[in-house]
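Enquirer: predicted model, plus sequence, below.
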Amino acid sequence: MLNGCNLHKTAPHNSVKYQGEILLTRYLLVVLLLANLCACDNGESFESKIPQPAWYDSIELVELNSVGELDTLWRGKKRCCIDESTLLANNREFYKACYEGIVNNSENDELVVKCLWLMDVGADKDQRIEMNRFLVENFGNHKNSVKRCSNCSPGDTVARVTKDLARMENAQGQIDHAIYLLEELLDNRRGEVSHWVQIEIYEVLANMYLSSVVTNERKDRINSAYNRLSSVRREDNGVERRFEQFEKTYKDVMAK
């Protein structure tokens with residue numbers, strides 16, 4: 001009887017434990033499934049937003065599945081200062097390698113972001129704004145590597161692409177949204193952006209204010225940036241080289 005009682009008491013405990021293991025296993029399977037679905041969605045989204053250009057199939061594919069391979073390919077051939085046909089071939093080869101690298105490695109944010117940033121060298125002109133928009137909309141919180149770079153910050157890549165996107169949108173007559181992009185970036189990620197990148201963004205933003213409306217709030221934003229960057233210009237060569245041009249724009253804004 002005693003043994004029977006013991007068996008009767010332990011059975012529910014083992015059953016609960018077993019059910020818990022089943023639930024945990026199911027949970028892990030769901031997590032893995034969702035991760036795979038997200039990766040597929042990102043790849044499909046990229047292909048739908050950035051269709052392959054007409055010349056795509058004429059270029060031989062170079063396999064690219066890591067940031068290390070990307071860096072090697074980028075440095076392996078000249079990106080300027082050679083005859084136009086060779087330059088075009090080099091850049092289109094890089095573009096195709098990155099395109100396939102993004103599709104096949106959509107879960108690798110570091111590779112995807114760096115490819116999107118650099119592959120515009122081989123992109124057709126009308127694709128560049130869509131590539132920049134895809135990066136900003138899908139990887140706005142990405143942190144780039146700062147290894148082997150003494151004057152880099154983790155938000156620099158996203159910040160520089162956002163600046164380029166804003167300038168493109170402004171050129172298309174979308175100045176209000178262009179201003180929004182830059183203000184949103186500065187409000188949310190300024191502390192993760194190098195001073196030399198910040199000063200470039202503030203100069204672009206200040207010029208957009210001059211082309212739009214200079215409000216007191218906008219004056220305050222530019223004035224605050226001017227004072228903050230003035231305090232670091234002597235210690236930061238990147239800021240010092242860009243400061244004179246920014247100062248001219250700053251004075252124009254403050255005169256309004």
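Expert: Yep, it's here.
Enquirer: for residue 54, helix, strand, or coil?
Expert: Secondary structure for residue 54, judged by DSSP: H, G, I helix; E, B strand; the rest coil, is coil.
Enquirer: quick one: it and residue 92, what's the gap?
Expert: 11 Å (C-beta to C-beta, to the nearest Å). Where you see a C-beta, it was placed from the backbone N, CA and C, and this is true even at glycine.
Enquirer: quick one: which of those two has more around it?
Expert: The residue with more neighbours, out of residue 54 and residue 92, is residue 92; 21 against 8, by other C-beta atoms under 10 Å.
Enquirer: was I right about the more buried one contacting residue 57?
Expert: No. Applying C-beta atoms under 8 Å, one finds residue 92 not in contact with residue 57, separated by 11.3 Å.
Enquirer: overlap in contacts of residue 54 and residue 92?
Expert: Residues touching both residue 54 and residue 92 (C-beta atoms under 8 Å, 6 or more residues apart in numbering): none.
Enquirer: check residue 79 and give its pLDDT.
Expert: For residue 79, the pLDDT comes out at 88.
Enquirer: name the nearest residue to it, ignoring sequence neighbours.
Expert: Ranked by C-beta to C-beta, 6 or more residues apart in numbering and with sequence neighbours excluded, the top spatial neighbour of residue 79 is residue 121, at 6.0 Å.
Enquirer: helix/strand/coil for that neighbour?
Expert: Relying on three-state DSSP, one would call residue 121 helix.
Enquirer: after the helix-or-strand element of the chain with minimal mean pLDDT, next one along is what?
Expert: Least confident helix or strand of the chain, by mean pLDDT, DSSP states H and E, is helix 2-49 with a mean of 55. Remark: after helix 2-49, the chain's next helix or strand is helix 67-76, criterion DSSP states H and E.
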